[in-house]
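Q: Just need the structure, nothing else, for what follows:
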Amino acid sequence: MDSEKNVKCVFKRYELKYLMNESQTKAVSEAIAIHIEPDGFAHSSIRNIYFDTEDYLLARRSIEKPLYKEKLRVRSYNTPEDSDTVFVELKKKYDSVVYKRRL
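A: Numbering: from 1, shown residues only. Presented below is the predicted three-dimensional model:
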């Protein structure tokens, strides 16, 4: 499939997560609204299947919030049909930097 050749296979991003209450969420949403455009995929579903060991080593390690962690998953957008592309992804996180490689 030609479109598969245009799929980005390596991603690097910084991930910072914040806990906000409802009024903070509203204030941030209003402040950024003039700088963003609605996402054309906002109503699509993302489906992930994560792989782990029999004793859930990767999940337990992730909960411990280590400096380094990794996850293996299969990702699809919406409910995949036989002809749809799905992605096998290896995610690695070191400190606050996330690397994702599509295999």
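Q: Which parts of this structure are strands?
A: Secondary structure of the chain by DSSP state E: the strands cover 10-14, 46-51, 68-77, 87-94, 97-102.
Q: Can I get those in TSV including distance to Ile32 and mean pLDDT?
A: In this view, the C-beta of every residue, glycine as well, is placed from N, C-alpha and C. Listed next are the strands of the chain as TSV, based on distance: least, C-beta to C-beta, whole Å; pLDDT from 0 to 100:
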stretch	distance to Ile32	mean pLDDT
strand 10-14	17	85
strand 46-51	22	92
strand 68-77	24	93
strand 87-94	25	94
strand 97-102	21	93
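Q: Same list (these) but as TSV, adding mean neighbour count and distance to Ser23.
A: Below are the strands of the chain laid out as TSV (neighbours: other C-beta atoms under 10 Å; distance: least, C-beta to C-beta, whole Å):
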stretch	mean neighbour count	distance to Ser23
strand 10-14	9	26
strand 46-51	11	28
strand 68-77	15	33
strand 87-94	15	30
strand 97-102	14	29
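Q: Adding distance to Arg60, write those out as TSV.
A: Output for the strands of the chain, formatted as TSV (distance: least, C-beta to C-beta, whole Å):
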stretch	distance to Arg60
strand 10-14	25
strand 46-51	13
strand 68-77	10
strand 87-94	15
strand 97-102	19
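Q: ok, Tyr18 to Thr25 distance?
A: 10 Å (C-beta to C-beta, to the nearest Å).
Q: Kindly report the same for Asp82.
A: 39 Å.
Q: Compare those two (neighbour count), which wins?
A: Thr25 (11 against 4; other C-beta atoms under 10 Å).
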